[in-house]
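# pasted the sequence and its predicted model underneath.
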Amino acid sequence: MPSVCVFGAQWGDEGKGKIIDGMARDADVVVRYQGGANAGHTVVVQGKKYVLHLIPSGILHPGKVNVIGTGVAVDPLALWGEVEGLRAQGVAVDGSNLRLSAGAHVIFEHHKRIDAAAERWRGLGRIGTTGRGIGPSYADRAARTGLRVCDLLDTARLRERLQAALAEKNAALTAVHGEEPLDLDEQLARYAGLGETLRPFVGDTGREVRRAYADGKLVLFEGAQGAMLDIDAGTYPFVTSSHTGAAGVAAGAGFPPRDLERVIGIAKAYCTRVGEGPFPSEDHGPDGERIRVAGNEYGATTGRPRRCGWFDVLAVRYALELNGADGWIVTNLDVLSGFKEIRVCTAYDVGGERRTEWPADLPDVEHVKPIHETLPGWDEDITGVREFADLPQAARDYVAWLEQRVGTPIVMLSVGPDRDQVIPRTSAPLVGAAGGRR
Ligand code: GDP
Ligand code: IMO
Ligand code: MG
């Protein structure tokens, strides 16, 4: 009865959506356990592109149950827009294949306004958030002033709680941020309406997931963002506001930690980051630009150009170790085709001291200097390759070298955005019979 968590091992956009969609073929339930519509997970099926923000990446397979867990910050407006968008693309979405936790916190209009205003306030110290209200909503959850999905379903309760929330938020919006206040009746009408619309999807999803697992169903947990954006483990304060890795699963999905059997990290063959914050192996020159063009590295949520650079062994090794990854998947290997030389960051120079482990003890890794090693590249287009043995020798060597340096087995490679553009590296299935508690 395997349960598998798949998480991003860099700064997000590692290709989680594509990989989860592929793995979902063999799964029964796919669960998002944290984050919100800040995520943008791209799935390409026979050339047709779908971008998912809140809905798990199993939704394109009929008959799979997709769960938005308690730990997700849910913008009901974004969620409903996504449901309608998928339906317009011919994907069936209803209360049987999409489930929404009654306990998930709601992102309101005021959270998005405050997210944007707080960024303006921070000026040069801004985080570069996605503006989706994530931080302010999780802050209210921790302050115990947030509203949950279940609160949307009872208009009297919603009025009382939203009135209390808006009293405080409008004071902040007007007095601190110099914005217009939000109108209670207008907001109430909007969110009560959304609550009604979403009612058929709402339930005790934690119990639903635990029952499915107990019944022998295969459960996949889909991480959003990446380990280096984790609120505690990442490059704080340039992080998101949730636990992005395996540790987030238990609380965010309502799933006992001891029942999580397998953990798989995902990392690109190079590295990207969107938003502000430390990125030691960033390449500001023509190579970074070339990666951006070849990898089409523009944010799936905000359209911002992603910052591009080289694979950082220290960051990925740290992310995999921290999350207890059994294996990892390298995506976007095809993007490196045509580089004469490939650089990889294998150490940092910290004020003259050479560090070979992620420096989690430093308050700020902004100023470390990357130390790169150089490997030979390859010219061939590898997007059509499906067997490891058919890759050019230099590509095979690069993968073997990464595996050896990172120290965790690479279980699959991805060589293009489409569902089928993968190269397995182990004969054991990623999801299914080979599972079992470690
Ligand atoms: P996620 O947030 O981790 O799901 O990743 P995104 O969807 O934000 O970004 C990954 C981008 O790379 C998307 O445009 C994918 O379609 C694309 N992609 C995924 N895997 C591959 C791959 O192996 N090669 C190439 N060239 N593109 C890929
Ligand atoms: P997926 O799931 C990449 C980044 C933002 C910003 C920081 C905080 O597609 O990999 P937030 O809006 O969460 O408060 O922003 O985190 N960020 C992401 N970067 N991929 C994502 O999601 C991200 N979600 C948030 O750019 O730097
Ligand atoms: Mg993304």
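Yes, it's here. Ligands and ions are numbered 1, 2, ... in the order given.

# can you count the residues close to residue 11?
30 (other Cβ atoms under 10 Å). Using the backbone N, CA and C atoms, a C-beta is placed for each residue, glycine as well.

# which parts of the stretch 251-400 of the chain sit against ligand 3?
Near ligand 3, the residues belonging to the stretch 251-400 of the chain are residue 300 when assessed by Cβ under 5 Å from the ion.

# show me where the stretch 251-400 of the chain has strands.
262-268, 271-273, 307-309, 311-312, 327-331, 341-350, 353-355, 369-376 (DSSP state E, counting those that start in this stretch).

# same question for the stretch 1-150 of the chain.
Applying DSSP E, counting those that start in this stretch to the stretch 1-150 of the chain gives strands spanning 3-8, 29-32, 41-45, 48-52, 65-68, 73-74, 98-101, 105-106.

# quick check: angle from the first one to strand 327-331?
For strand 3-8 and strand 327-331, the angle between their directions (axes from the mean of the first three to the mean of the last three Cα atoms, to 10 degrees) works out to 40 degrees.

# any residue of strand 3-8 touching ligand 2?
Yes: judged by Cβ under 6 Å from any ligand atom, strand 3-8 and ligand 2 are in contact via residue 8.

# direction included, what does that strand pair against?
strand 219-222 (parallel), strand 262-268 (parallel) (DSSP bridges).

# ok, residue 8 touching residue 240?
No: using Cβ atoms under 8 Å, residue 8 is not in contact with residue 240, being 10.8 Å away.

# which one's the longest helix in this protein?
Ordering each helix of the chain by length in residues (DSSP state H) puts helix 155-171 first.

# which strands and helices sit next to it?
On a contact count with 3 or more Cβ pairs under 8 Å, 6 or more residues apart in numbering; DSSP states H and E, helix 155-171 meets helix 109-122, helix 149-152, helix 184-198.

# out of those helices, flag the one nearest residue 349.
The closest of the helices and strands packed on helix 155-171 to residue 349 is helix 109-122. By Cβ to Cβ, the value is 28.8 Å.

# near ligand 2, which residues of the stretch 151-300 of the chain show up?
Residues of the stretch 151-300 of the chain lying near ligand 2 (Cβ under 6 Å from any ligand atom): 224, 225, 226, 229, 240, 241, 274, 275, 300.

# adding mean neighbour count and distance to residue 361, write the strands of the stretch 251-400 of the chain out as TSV.
TSV is the format used below for the strands of the stretch 251-400 of the chain (neighbours: other Cβ atoms under 10 Å; distance: least, Cβ to Cβ, whole Å):
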stretch	mean neighbour count	distance to residue 361
strand 262-268	27	22
strand 271-273	26	21
strand 307-309	24	23
strand 311-312	26	17
strand 327-331	26	24
strand 341-350	18	10
strand 353-355	12	10
strand 369-376	15	17
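
# which residues does residue 95 contact?
200, 201 (Cβ atoms under 8 Å, 6 or more residues apart in numbering).

# most remote residue from the chain's center?
Residue farthest from the centre of the chain, counting by Cα atoms, centre = their mean, is residue 156 at 35.0 Å.

# report pLDDT for it.
Listed pLDDT for residue 156 reads 97.

# could you tell me how far it is located from residue 162?
11 Å (Cβ to Cβ, to the nearest Å).

# again with residue 187
6 Å.

# and if you look at residue 110?
Taking Cβ to Cβ, one finds residue 110 at 9 Å from residue 162.

# in stretch 149-169, which residues are buried?
Of the residues in stretch 149-169, 149, 150, 151, 152, 153, 155, 158, 161, 162, 165, 166, 169 count as buried by neighbour count, 16 or more other Cβ atoms under 10 Å.

# bridging across strands, which residues link to the residue lying closest to residue 203 once chain neighbours are set aside?
In this structure, residue 203 finds its nearest non-sequential neighbour in residue 99, 5.7 Å apart by Cβ to Cβ, 6 or more residues apart in numbering. Beta bridges link residue 99 to residue 67 when assigned by DSSP bridges.

# ok, back up a step: now the strands paired with strand 3-8 in JSON lines, with mean pLDDT?
JSON lines is the format used below for the strands paired with strand 3-8 (pLDDT from 0 to 100):
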{"stretch": "strand 219-222", "mean pLDDT": "98"}
{"stretch": "strand 262-268", "mean pLDDT": "97"}
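
# low-confidence ranges in the stretch 301-438 of the chain?
Applying pLDDT under 70 to the stretch 301-438 of the chain flags residues 429, 432-438.

# isn't residue 18 right up against residue 412?
No: judged on Cβ under 8 Å, residue 18 makes no contact with residue 412 at a distance of 11.0 Å.

# neighbours of residue 422, how many?
Residue crowding around residue 422 was assessed by other Cβ under 10 Å; the count is 20.

# that one pairs with what?
Beta-bridge partners of residue 422, as defined by DSSP bridges: residue 414.

# near ligand 1, which residues of the stretch 251-400 of the chain show up?
295, 296, 300, 331, 332, 334, 335.

# from the residues you listed, which two are the most distant?
The widest separation within those (Cβ to Cβ) is 18.1 Å, between 300 and 334.

# more neighbours: which of these two?
The residue with more neighbours, out of residue 300 and residue 334, is residue 334; 23 against 18, by other Cβ under 10 Å.

# for the more buried one, what are its contacts?
381, 382, 383, 415, 416, 421.

# residues contacting the first one?
The neighbourhood of residue 381, defined by Cβ under 8 Å, 6+ apart, consists of 334, 337.

# list the residues that contact both of residue 187 and residue 162?
residue 108.

# which residue does this structure have closest to ligand 2?
Closest contact between the chain and ligand 2, by Cβ to the nearest ligand atom, is at residue 275 (2.1 Å).

# and for the residue lying closest to that residue once chain neighbours are set aside, the neighbour number?
Residue nearest to residue 275 in three dimensions, not counting chain neighbours: residue 128, with 3.2 Å by Cβ to Cβ, 6+ apart. By other Cβ under 10 Å, 16 other residues sit near residue 128.

# same check, this time on residue 120
Residue 120 - counted by other Cβ under 10 Å - has 10 other residues nearby.

# now for it: which residues touch it?
By Cβ under 8 Å, 6+ apart, the contact list for residue 120 reads 126, 177.

# check the gap between it and ligand 1 for me.
26 Å (Cβ to the nearest ligand atom, to the nearest Å).

# do the same with residue 101
For residue 101 relative to ligand 1 (Cβ to the nearest ligand atom), the value is 21 Å.

# burial measure for that residue, as a count.
Neighbour number of residue 101 under other Cβ under 10 Å is 30.

# surely it touches residue 149?
Yes: using Cβ under 8 Å, residue 101 is in contact with residue 149, at 6.4 Å.
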